[in-house]
Structure formats: C-alpha cells, structure tokens
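Asker: Pasting the sequence and the predicted model now:
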Amino acid sequence: MKPESNLEKILTSGHFAVTGELGPPRSAYVDEIKHHADAMRKHVDSYNITDNQTAIVRTSSIGVAASLLQMGLEPNVQMTVRDRNRICLQSDLLGAVSFGVRNFLCLQGDHANFGNEPQSKNVNDLDSMQLIQALKNLRDEGVFISGEKLEHPLPRIFIGAVANPFADPFEYRHLRLAKKIEAGAQFIQTQCIFDMDRFEKWMEKVRELGLHKKTYIMGGVTPIKSIGAARYMQKNVAGMIVPEALIERIKGAKDRQKEGIKIAIETIQRLKEIEGIAGVHVMAIAWEEVVPEIVEGAGLYPRPKVD
Amino acid sequence: MKNLIIAERKPLAEIAEMLKPFQKICILGCGTCVTVCLAGGEKEAAETAAALSLLRQKEGQKTEISTFTLLRQCEYEYIDDFIAKNEFDYDVILSLACGVGVQTMTTRMPDKIILPGLNTKSMGYPVEQGVWTENCLGCGDCVLDLTLGICPIARCSKSMLNGPCGGSQDGKCEVSKDIDCAWHLIYERLSKMGMVDRMNKIQPPKNWSTSHHGGPRTIIREDVRLETGE
C-alpha cells in the first residue's frame, strides 16, 4: 500500500518535515482555528490538533480535523488515553479514518487534575504504549484489541507518538522510545526543546540504539512569546526544562518577541544539523501567526510537494 | 503496625446534617483497620459523640447518644454478639466502620438505619506515625511480579503499565510533588536488581474485568464452604 498521508510521503521521501499545531477552542466556534490553519497552509505539511489539552474541555480533535479536511489541509489527530476507553478509542479511530484522517498521534494525556473538570474520572484503560500497538494491529493485522477481525481492512494510517527527553528518569527515556517504536510508532514528536544540551545527549543515546533509523524523529519547537510564558512553562508544566540562561537572553533583548522568534529559528537550525532528526514540530499555540516567519527564517520554505 | 483499609472521619457538619432527623443515636466504633488508622475506633467514637452532643446542644436539638465499639463490623459473629448484648431502641446507628462494615451491619440488621460516619479511602499501610498511603487498588490481577513489588496500578496516577509518562520529573508525579512517580521508583528498583530490561517488554492492555470494572466481585470457594441446608 502507498502512503496516503502527506506527512508520511514527505518523511519517507527524505524531506525535512514541518508540522504545526492547533489547539481547539473552548466552544464550537471554529472560525478562528480555521483562520490560523489557513494562515500557515503553505508553511506546514500537516497540523496536529490537540485532544483536550491540559485536560480542558474543548472541541474534539476529530471535529476540527473534519474542518481541516474540508479546507484541503491535512490533520494529525492527537489521541490521549485519558478520557476514552478502548471501545471509544478504536471507534473514534475508525470514525476519523472513515472521513479521511490518516495521521494519528498517541499520547497519555495530562492528568485531569490540571484541567477544568478535575472531578472527572481518568479513564486510562489503555496506556499510550498500548494505544500505539492497538493502532498498528488494527492497520497491519486487521484486528481489534479483542482479537476480533475488522469487517474491512483499514486504509494505510500513519502512526505517531511523543517522546520527552526532558522528563525523568533520563537514562530510561531512549529505552521508552525504543519501546514505542516496537509498539508501532512511525514518527515521533518531542516535547518543546529549550535545553539543547540535554536533547543532544538524548539523541546520542537514541543513535547508539539506531532508533533514528527505525522512526522519524521530529524535534519540538516553541517560540517563547514572553517572559511570563517562559516562566509558566518552567515552573508549571511537568516534564519541561526552560534554562534560566534562555530567559535572561530574552530579558536582555530590545524586542523580546523578536528574540523569541530568533531563538526558535536557531533551534530549528541546530536540529537540522543533528543526525537522526527528520523534521520539526512547531508548537506556537496562541501565537500561530509567527509560524510562517519561523519556517521561512529556518530555510524550510517553500514546502516540498510529494505525490 | 498493620493496616488494611484506610479511612477518614467525615466532617462533623456533614455527620450532624445526616443525623438531624434522629434523636437517639448510637455511635458505633470498629476495632480493627479504622482503629489503626485513627479514624473510627473507640477513641474516635467517644470524640465524635462529645463533639456532636455539644453541637446539637447549641442548636437546641434533643439528643441521646451512646457509643459502642465492635472488634469488626464486617463479621456477622461480632455483629450478632453486639445485637445479643444490647437493647435496641436507637433511632439510628452512626457506623464508624469502613464501607464494608456499614454494609455488613445493614445486611445483618435490615430493620435499622445505619449511616456512614467515615469516608473510606483506600487499601494501604501506615508509612510513619500519622501518614497512611494507598498502595493497592484490588484490581484482581496482581502485577507486582513485573515490577518487583511496586504497584503501577495503584501508585501511578495514570495506572500505566509501560513505564513513566512525560510528566515524571525529579522522581515526582506531575499531579503533585507529594506523590512519588511509581515508575521512577520501579526503574530504580529494577536497575538496582539488574533487571531493568523488564521495562523494555511491552505489556499488553490490562484485563480490567477482574477489577471492579467487571462488576461487583464475589469469591466462592466450594472447598471451604459449609453445607447449609434449610
């Protein structure tokens, strides 16, 4: 079977891929998110759509994916295991595939404690590893988790997972990646990279195991919009490292936002030089309008066309 | 020290509210788990009675409170003994047992009103004086062999089976710095024992049907059952 996903085509043909990210609204009003998507349509190969990120109720990832497909854009549907059991996850996957979604990113999901429904049940019927494997088995073996067969084969989907080199225990993080690849992860998007030294150390371990040859690793890049945003990520987001030196650099800049964009571009340029990095995932939530500037500044424009 | 079921007494205001319609009240302590975790033993029954009396007096409510404590409210033997030795003219029994005790009492005394005085929290143990922690969810399919004695179902906030999520930092869980990351502990333990490769094997989806998700569970052991004819 030939790849159907544009992202898969870009990566498998050896191009350096660029993905963007969209955070659905806390309402059913999707005009704004569609506008953001449209504004970067020439600059990204595919759009991640977050799944109730930070456990806050939003329009579903699959719902926004439908809008993107109508606009001729390619969604990458994020699926966490926090809110849905295996019945619902498999069913939602089939539903999304039925109207054209081909990229799926499997995640565990932030604990519901963080969000706006902290009294809800955390489902966690599967863990993220098991979701990756379930998707692979649906596609490759044509079987549900139960072992029962699908009535009709699944089209070719592209299965992604996340990796966080900034979480602990550090010595286990590359082994966890290896496990995700074994489970079926074809592409990986990492947590936002601010601590490049630690990222490179992790990549060394990744290369030692040859993992970069078994999956496409995309480095996570987030432009820092303000000192406040940087401090928030530094102090309140679990599994993130924002070095003090980076904050000092932005503080000392004449135009802080420009500096934030400049740092993001530098990060991408460094990532391009690292052996085993196949692309970047630009997460500019609530600052979507700077994505074109970053992509162009990093020399990744125009985007390649692959048939 | 030994413990099994960990509970906490409900706030006095909540207890007072649920007991409002009643005048003759029996506060019944339980002498095992909840005594060890200082939630519902003899001492707590007396304290609850004193505090409740005072509150109801202030509010001008007629009140007669007695207190008793059974060794275990979850066994018919002790409940029957209690029934035999007491004149039952209470309007209500406030049970300071765990949820199991309250229900066993209800089953044995179906014509009485028995209300819960505790919130039953978990199965666990006292880590140190004044600290109790949950470490078993009773999932019905123990995985402690995989992790050499640290339960990821009870102690990982997301009950993950395949290693730590991306929110684990400095050995702590993303939910709270007061919670150790279970998978960090497991990683350290397996490393120390030279068995960390256990974490590299993909664990398949868990069979939750052995847990409460499969419906309320009953174990029947025919080999030890007594024949009980009519």
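Answerer: It's in.

Asker: Straight-line length of stretch B:104-112, end to end?
Answerer: 12 Å (CA to CA, to the nearest Å).

Asker: Now do the helices in the stretch 151-300 of chain A.
Answerer: Ranges of helices in the stretch 151-300 of chain A, per DSSP state H, counting those that start in this stretch, are A:170-183, A:196-208, A:227-236, A:244-251, A:256-273, A:291-297.

Asker: Following element in sequence after the longest strand seen in chain B, please.
Answerer: The longest strand of chain B (DSSP state E) is strand B:118-128. Using DSSP states H and E, the helix or strand that directly follows strand B:118-128 along the chain is strand B:131-136.

Asker: Can you tell me the strand partners of that next one and which way each runs?
Answerer: strand B:118-128 (antiparallel) (DSSP bridges).

Asker: If we go by neighbour counts, what in the strand it pairs with is buried?
Answerer: B:118, B:120, B:122, B:123, B:124, B:125, B:126 (16 or more other CB atoms under 10 Å in any protein chain shown). For the C-beta atoms, the positions are set from N, CA and C on the backbone; glycine is no exception.

Asker: Tell me the one of those nearest chain A?
Answerer: residue B:122 (15.8 Å; CB to the nearest CB).

Asker: What about the nearest residue to residue B:161 once chain neighbours are set aside, how many residues nearby?
Answerer: In this structure, residue B:161 finds its nearest non-sequential neighbour in residue B:203, 4.1 Å apart by CB to CB, 6 or more residues apart in numbering or on different chains. For residue B:203, the tally of surrounding residues (other CB atoms under 10 Å in any protein chain shown) stands at 19.

Asker: wait, what's in contact with residue B:203?
Answerer: Residues counted as contacts of residue B:203 (CB atoms under 8 Å, 6 or more residues apart in numbering or on different chains) are A:129, A:130, B:143, B:146, B:161, B:162.

Asker: Just the pLDDT at it, thanks.
Answerer: For residue B:203, the pLDDT comes out at 98.

Asker: Same check on the one 5 residues further on?
Answerer: According to the model's per-residue confidence, residue B:208 sits at a pLDDT of 97.

Asker: shouldn't it be in contact with residue B:138?
Answerer: No. The pair residue B:208 and residue B:138 fails to qualify as a contact (CB atoms under 8 Å) at a distance of 11.9 Å.

Asker: More neighbours: which of those two?
Answerer: residue B:208 (18 against 13).

Asker: Leaving out the residues flanking it, which one is nearest to that one?
Answerer: Residue B:208 sits nearest to residue A:125 (CB to CB, 6+ apart), 6.5 Å away.

Asker: Am I right that that neighbour is in contact with residue A:83?
Answerer: No. Counting by CB under 8 Å, residue A:83 is not a contact partner of residue A:125; they are 10.2 Å apart.

Asker: what number of residues lie near residue 219?
Answerer: This is for chain A. Other residues close to residue A:219 by other CB under 10 Å number 26.

Asker: think we crossed wires, I meant chain B
Answerer: 5.

Asker: Doesn't it lie inside a helix?
Answerer: No. Counting by DSSP: H, G, I helix; E, B strand; the rest coil, residue B:219 is not found in a helix; it is coil.

Asker: How much space separates it from chain A?
Answerer: Distance from residue B:219 to chain A, counting by CB to the nearest CB, to the nearest Å: 24 Å.

Asker: where does chain A have its least confident helix or strand?
Answerer: Among the helices and strands of chain A, helix A:227-236 carries the lowest confidence by mean pLDDT, DSSP states H and E, at a mean of 94.

Asker: I'd like to know which elements that one is packed against.
Answerer: Judged by 3 or more CB pairs under 8 Å, 6 or more residues apart in numbering or on different chains; DSSP states H and E, the packing partners of helix A:227-236 are helix A:244-251.

Asker: Would you mind listing the buried residues in the helix it packs on?
Answerer: Buried-residue list, helix A:244-251, by 16+ other CB under 10 Å: A:246, A:247, A:249, A:250.
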